[in-house]
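Colleague: model this:
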Amino acid sequence: TTRNIIGGHGIPQFFVDWFCGGLQYQVDHHLFPMMPRNNIAKCHKLVESFCKEWGVKYHEADMWDGTVEVLQHLSKVSDDFLVEMVKDFPAM
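Modeller: Model (predicted):
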């Protein structure tokens with residue numbers, strides 16, 4: 001996974017933390033799946049600085065933009081699936 005969610009568009013970070021329950025640190029969670037949720041925010045700063053230092057792409061989006069990105073991706077994936085399904089099953 002390559003995404004983390006932050007506050008923005010007027011959404012306070014504490015609300016994102018509460019609403020997402022730690023899952024807003026998706027990248028960090030997948031790097032350290034056994035780390036307790038209350039420590040992931042601290043770990044996030046280390047992961048972010050490591051990525052900057054080594055030139056690793058690290059994508060963060062605020063809650064609104066991240067939701068839009070996910071919905072657009074799901075739409076594209078489902079459109080691709082439907083196109084392939086019609087090709088494979090011409091009787092439909």
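Colleague: Which residue ranges of the protein form helices?
Modeller: For the chain, the helices defined by DSSP state H occupy 13-20, 26-31, 37-54, 63-88.
Colleague: okay, those in TSV with mean neighbour count and mean pLDDT next?
Modeller: Backbone N, C-alpha and C define where each C-beta goes, glycine included. Listed next are the helices of the chain as TSV, based on neighbours: other Cβ atoms under 10 Å; pLDDT from 0 to 100:
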stretch	mean neighbour count	mean pLDDT
helix 13-20	13	80
helix 26-31	18	87
helix 37-54	13	88
helix 63-88	11	86
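Colleague: which residue packs closest to Arg37, ignoring adjacent ones?
Modeller: Gly22 (3.8 Å; Cβ to Cβ, 6 or more residues apart in numbering).
Colleague: Show the backbone phi and psi for the one you found.
Modeller: phi 100, psi -20 (degrees, to the nearest 10).
Colleague: Same check on Gly21?
Modeller: According to degrees, to the nearest 10, Gly21 has phi 60, psi 30.
Colleague: so it touches His29, yeah?
Modeller: No: counting by Cβ atoms under 8 Å, no contact exists between Gly21 and His29, whose distance comes to 10.8 Å.
Colleague: gap between His73 and Cys43?
Modeller: His73 sits 26 Å away from Cys43, going by Cβ to Cβ, to the nearest Å.
Colleague: could you check the distance from Asp88 over to Phe81?
Modeller: Separation of Asp88 from Phe81 (Cβ to Cβ): 10 Å.
Colleague: and what of Asp62?
Modeller: To Phe81, Asp62 is 29 Å away according to Cβ to Cβ.
Colleague: what does Ile11 give?
Modeller: Computed as Cβ to Cβ, the Ile11 to Phe81 distance reads 32 Å.
Colleague: what does Gly55 give?
Modeller: 34 Å.
Colleague: same check, this time on Phe32
Modeller: Distance, Phe32 to Phe81, by Cβ to Cβ: 33 Å.
Colleague: ditto for Phe19
Modeller: 30 Å.
Colleague: wouldn't Val56 be in contact with Glu48 here?
Modeller: No: Val56 is beyond contact range of Glu48, at 9.9 Å (criterion: Cβ under 8 Å).
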